[in-house]
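Student: with the input below, show me the fold.
(one chain, ligands or ions: 1)
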Amino acid sequence: MHDLQQKDLRFIWHPCSQMKDYEGFPPIIVERGDGAYITDIYGKRYLDAVSSWWVNLFGHCNKRINNAVKKQLDSLEHVIFANFSHKPAIDLGEKIVEITPHGLNKVFFADNGSSAVEIALKLSFQYHLQTGSNSKKKFVAISDAYHGETLGALSVGDIDLYSKIYKPLMLDTYKVPGPDCYRCRYGEERESCSALCFEQMEYVIVENHNEICAVIIEPMVQAAAGMKIYSHRYLARLRKICSDYNIHLIADEIAVGFGRTGKMFACEHAGISPDIMCLSKGLTAGYMPLSLVLTTDRIYDAFYSDYLEKKAFMHSHSYTGNPLACAAAVESLKIFKDDDVLNENTKKADLIRKLTESYSNNHPYVGEFRHIGMIAAIELVEDKSAKKAFSWEKRVGYNIYKVALNEGLLLRPLGNVLYFMPPYVVDEKDIEHLINTTFASINKFFGIK
Ligand code: PMP
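Tutor: You can find the predicted model right below:
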C-alpha cells in the first residue's frame, strides 16, 4: 500500500462508506483531473462516469473555469455576505433568474445541497406562519425520495439506508407512495401513462392540506433511488394540486438541474414552475460547494417588512455566496451558451442510449434500461420475469464497481442500479469505453462469456 493510502486510513473517515471495506480496498489517491478522466498516483486513468457524485459538467480542470476562478482569486477570495455583496454573486443571481422557470425571481445563497433543502423547508414553514396559516407545519415527500443528509433533509427522504437509524430524531412528515414505473402497480407504461399513481398524493393532500406547508420532489428523476425516471404528467398534476390548496411545490433540482435531463431544468419537461427551487451540484460545474434557493416574489414579500415585526429570514452559512464558487458558476453558464451544450448533448445521449440498449436487450440480468438526457441507468435483477431484485447482502453493484475500477472506469452504482451520468465533455470514444467496459464488468462478475 502506498504511504499516502496508509496515512489516509490513519486519519480520514470517508463519506458514505463502511471504513472496514477499505482494509482490502484502500482509497484511490487521485493526483490529476483532465476532462472526463482522473489519474491516480500510479498513473492509472479512470473515466469519471458519475461526474464525481453528479457535480462535474465540463470536465476536470476545464480551462475556462480554471481561468475564471484564478482571475477571481486575485481580486477577492471570500467576504461576509450579510450587508455585503460582490459582482460574481450579482451576475449569478441575474443569470439564474433569467434561465430558471418563470416566477422564480429571488435567490438565496447557501453552500451545499442539503442546506438548500433545509432553507426551502424553513422558508415554506415561515411563509405560512407569516401569512396566517399557522396550522401548516408538515411536509410531504414521495417514496424513495432523497434530499440530502442533514436531519431536516433526511426527514423528507425515504431511503432507509441513509435515514432509518435517525428516525427518532426526525420531523414527522407524510410519505406518499410515488411513481414506480418499472414495477408500476397500475400496469401503465412510463412514456404513455396518465400518472394514475397520483391518486395517492391527491388523497393525502385533499385529506390533510390544512397541515401541509409544502411537497418536495426531485423532478423527473429520483436520482439516489436508482435513477427512477417518472412521467412529466405526475409533476404537472402535482403543480396543480399544490396551487389549489395553498401548498408550496419545492423542486429539488440539485441532481437533475443544469441539463442533466436534456432540458436546462427538469421542471421544463412538465412546463411547470415551482414555488421554491433548490440548485447545487452542477451549479459550479463541479468546482466548488455552492447552492441556491430560488423563490417567488410572493414568498419573498411575506418576509419583507419592518425589522421590529420579526419577519426576516434569519438563516446563514459562513461560506454563503463564496465569490470563487460564484465565478465558477457564472463561467459555467457562459459555456452552456457559447457551446450550445444542450443541443450537443442530444447526440451524445443518443449514442449512450443506442449502445446501452444493444447490450441490454436480451441480457439475462438487465431488468430495465432507462434514460433521460444525459442520465442512463441499468437495473440489474435476479429474475427478469418476476422483476425480482438481488438481495442487498450480495452487494452486486458494489462488486461490479470494483471490477470496473480495475478496467479504468469509475462507476458508483446505487444498490443494483448501474448508471451513467458523465461529464458533458465525453466524446464518442469515451462513450464506447464507458459502455463496453460496463458490460464487460457485469459479464465478468456474473461469469458470462
Ligand atoms: N438533493 C438531491 C436530489 C441530491 O441528489 C443531493 C446529493 N446527492 C442532495 C439533495 C444533497 O446535496 P449535498 O450532498 O450537496 O448536501
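
Student: and stretch 325-342, what's its mean pLDDT?
Tutor: The average of the pLDDT scores along stretch 325-342 is 98.

Student: pull that stretch out as PDB, backbone CA atoms only.
Tutor: What follows is stretch 325-342 as a C-alpha-only set of coordinates in PDB (Å, rounded to 0.1, in the frame of the first residue of the first chain):
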ATOM      1  CA  ALA A 325     -17.700  29.500  -6.400                       C
ATOM      2  CA  CYS A 326     -19.900  32.200  -8.000                       C
ATOM      3  CA  ALA A 327     -17.200  32.900 -10.500                       C
ATOM      4  CA  ALA A 328     -17.100  29.200 -11.500                       C
ATOM      5  CA  ALA A 329     -20.900  29.200 -11.800                       C
ATOM      6  CA  VAL A 330     -21.100  32.300 -14.000                       C
ATOM      7  CA  GLU A 331     -18.400  30.900 -16.300                       C
ATOM      8  CA  SER A 332     -20.300  27.600 -16.500                       C
ATOM      9  CA  LEU A 333     -23.400  29.300 -17.600                       C
ATOM     10  CA  LYS A 334     -21.400  31.100 -20.300                       C
ATOM     11  CA  ILE A 335     -20.200  27.700 -21.500                       C
ATOM     12  CA  PHE A 336     -23.700  26.500 -21.800                       C
ATOM     13  CA  LYS A 337     -24.500  29.400 -24.200                       C
ATOM     14  CA  ASP A 338     -21.300  29.600 -26.100                       C
ATOM     15  CA  ASP A 339     -21.000  25.900 -26.800                       C
ATOM     16  CA  ASP A 340     -24.700  25.200 -27.400                       C
ATOM     17  CA  VAL A 341     -24.300  22.500 -24.800                       C
ATOM     18  CA  LEU A 342     -27.900  21.200 -24.600                       C
END
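
Student: buried residues in that stretch?
Tutor: When burial is assessed from 16 or more other Cβ atoms under 10 Å, stretch 325-342 yields the following buried residues: 325-333, 335-336, 341-342. In short, each C-beta sits where N, CA and C put it, glycine included.

Student: give me the contacts around that stretch.
Tutor: Residues outside stretch 325-342 that contact it (Cβ atoms under 8 Å, 6 or more residues apart in numbering): 57-58, 62, 64-65, 67-69, 71-72, 86, 88-89, 91-92, 95-96, 99, 111, 258-259, 262-264, 282-285, 287-290, 424.

Student: okay, now the unreliable bits of this structure?
Tutor: Applying pLDDT under 70 to the chain flags no residue at all.

Student: tell me which entries of the contacts of stretch 325-342 lie within helices.
Tutor: 64-65, 67-69, 71-72, 88-89, 91-92, 95-96, 99 (DSSP state H).

Student: could you give the number of residues near the residue of the stretch 51-200 of the chain found nearest the ligand?
Tutor: Among the residues of the stretch 51-200 of the chain, residue 113 lies closest to the ligand, at 2.1 Å counting by Cβ to the nearest ligand atom. A count of nearby residues for residue 113, using other Cβ atoms under 10 Å, gives 27.

Student: need the contact list for it.
Tutor: Residue 113 neighbours (Cβ under 8 Å, 6+ apart): 147, 148, 254, 278, 280, 281, 291.

Student: from residue 255, how far off is it?
Tutor: Using Cβ to Cβ, to the nearest Å, we find residue 113 at a distance of 8 Å from residue 255.

Student: state the distance from the residue of the chain most remote from its centre to residue 28.
Tutor: Each residue of the chain has a distance to the centre, and by Cα atoms, centre = their mean the biggest one is for residue 308: 38.5 Å. Distance check for residue 308 against residue 28: by Cβ to Cβ, it reads 56 Å.

Student: what of residue 334?
Tutor: Counting by Cβ to Cβ - residue 334 and residue 28 are separated by 32 Å.

Student: what is the neighbour count of residue 23?
Tutor: 8.

Student: residue 365 contacts residue 381, doesn't it?
Tutor: Yes: between residue 365 and residue 381 there is a contact under Cβ atoms under 8 Å: 6.5 Å.

Student: quick one: contacts for the nearest residue to residue 179 once chain neighbours are set aside?
Tutor: Leaving aside its sequence neighbours, residue 179 sits nearest to residue 230 (Cβ to Cβ, 6 or more residues apart in numbering; 3.6 Å). For residue 230, the contact set (Cβ under 8 Å, 6+ apart) comprises 178, 179, 181, 190, 220, 221, 222.

Student: before we move on, the earlier item: that's a strand at the residue farthest from the centre of the chain, yeah?
Tutor: No: Residue 308: not assigned to a strand; according to DSSP: H, G, I helix; E, B strand; the rest coil it is helix.
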